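Undergrad: Dropping a prediction and its sequence here:
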Amino acid sequence: MSTTGVFRRITLGIAFAGLVAGGAWAQDPTPQQQDVQQDKKDIRSDKKDLNRDRADRNADQRDINKDNRDIRSDKKDIRQDNRDIRSDKQDVRQDNRDIRTDKRDLNKDRTDRNADQRDINKDKRALARDDAKYGANSSQAQADRNDLHQDRVDRNKDQRDINKDKRDLSKDRTDRNKDVRDMNRDRADRNADAKDLHNDKKDVKADRKDRNKDQKDINKDKKDLHKDRAGLRRDRHPK
């Protein structure tokens, strides 16, 4: 056998041994390599947790911002509702004053109408008496007829005033009832807005609690990530 053949066989043997050793190393990593791989896995997990907690924290902050906007809107609605209620109360008070005025006017016109009717009845009796005593064409009878005519004119005018007072009274009562319904509706709106405000305050409190918890989780994830990175450096460069 030549020297060249022997050298080739030795070289092939060394190469084969290297391949076997390399395969054994790939199949059975050393404890140091296992620690490095575990550290990398922990770091990837920490980054995922950190990103997830940041996303949760940001979502909670958006919820808090929305709740704060809702609270400002609810407070604005409540202020407007209170203004509407005060306005409705003023309208109702004015309607009640108008109703009282209408009632006084109606009673006064009824009194005047009744007085006119008594005058008419009196004039009728006087006319009948003067017709019988002095004759239908006498001056006394003519004066009685004039008085009777004027009393009827006054009575009819008072009756028209009564009818107008009744219409005014009915209209004012309708307005008052509408204003009362408006006031009740505004109160219901105010109560609903107050309930919304209460719920929004509860929501912002819960969202802040969640946000603070997520921030604590973020701080913990950062510590874990820092710790795992330090462990990776130690495992890569053992003393």
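TA: Now that the structure is in, tell me what you want to look at. Residues are numbered from 1 along each chain as shown.
Undergrad: For the rest of this, base every contact and every neighbour count on C-alpha atoms.
TA: Fine.
Undergrad: Count the residues that sit near Pro29.
TA: 12 (other CA atoms under 10 Å).
Undergrad: so how far is Val36 from it?
TA: 10 Å (CA to CA, to the nearest Å).
Undergrad: Can you tell me which helix or strand of this protein has the lowest average pLDDT?
TA: helix 3-27 (a mean of 54; mean pLDDT, DSSP states H and E).
Undergrad: list the buried ones in stretch 46-55?
TA: Using 16 or more other CA atoms under 10 Å as the test for burial, stretch 46-55 gives 46-47, 49-50, 53-54.
Undergrad: swap in stretch 179-192?
TA: 179-180, 182-183, 186-187, 189-190.
Undergrad: Please tabulate the residues you listed in CSV, including the columns secondary structure, distance to Ile99 and pLDDT.
TA: Formatted as CSV, those follow (DSSP: H, G, I helix; E, B strand; the rest coil; distance: CA to CA, whole Å; pLDDT from 0 to 100):
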residue, secondary structure, distance to Ile99, pLDDT
Asp179, helix, 13, 95
Val180, helix, 14, 96
Asp182, helix, 18, 95
Met183, helix, 18, 96
Asp186, helix, 23, 95
Arg187, helix, 24, 96
Asp189, helix, 28, 95
Arg190, helix, 28, 95
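Undergrad: where exactly do the helices run in this structure?
TA: 3-27, 31-134, 139-236 (DSSP state H).
Undergrad: where does the chain dip in pLDDT?
TA: 1-28, 238-239 (pLDDT under 70).
Undergrad: List the contacts of Asp189.
TA: Asp189 sits next to Asp81 when contact means CA atoms under 8 Å, 6 or more residues apart in numbering.
Undergrad: From Lys66, how far off is it?
TA: For Asp189, the distance to Lys66 - CA to CA - is 21 Å.
Undergrad: How many neighbouring residues does Gln37 have?
TA: The burial count for Gln37: 15, using other CA under 10 Å.
Undergrad: What of Pro31?
TA: The burial count for Pro31: 10, using other CA under 10 Å.
Undergrad: what do you get for Asp165?
TA: Asp165 has 21 nearby residues by other CA under 10 Å.
Undergrad: now it: how far from Asp112?
TA: Taking CA to CA, one finds Asp165 at 13 Å from Asp112.
Undergrad: same check, this time on Lys164
TA: Applying CA to CA to Lys164 and Asp112 gives a distance of 14 Å.
Undergrad: the more surrounded of the two?
TA: Applying other CA under 10 Å to Lys164 and Asp112 shows that Asp112 carries more neighbours, namely 19 against 15.
Undergrad: TSV for the buried residues of stretch 46-55, including distance to Val92?
TA: Listed next are the buried residues of stretch 46-55 as TSV, based on distance: CA to CA, whole Å:
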residue	distance to Val92
Asp46	67
Lys47	66
Asp49	62
Leu50	62
Asp53	57
Arg54	56
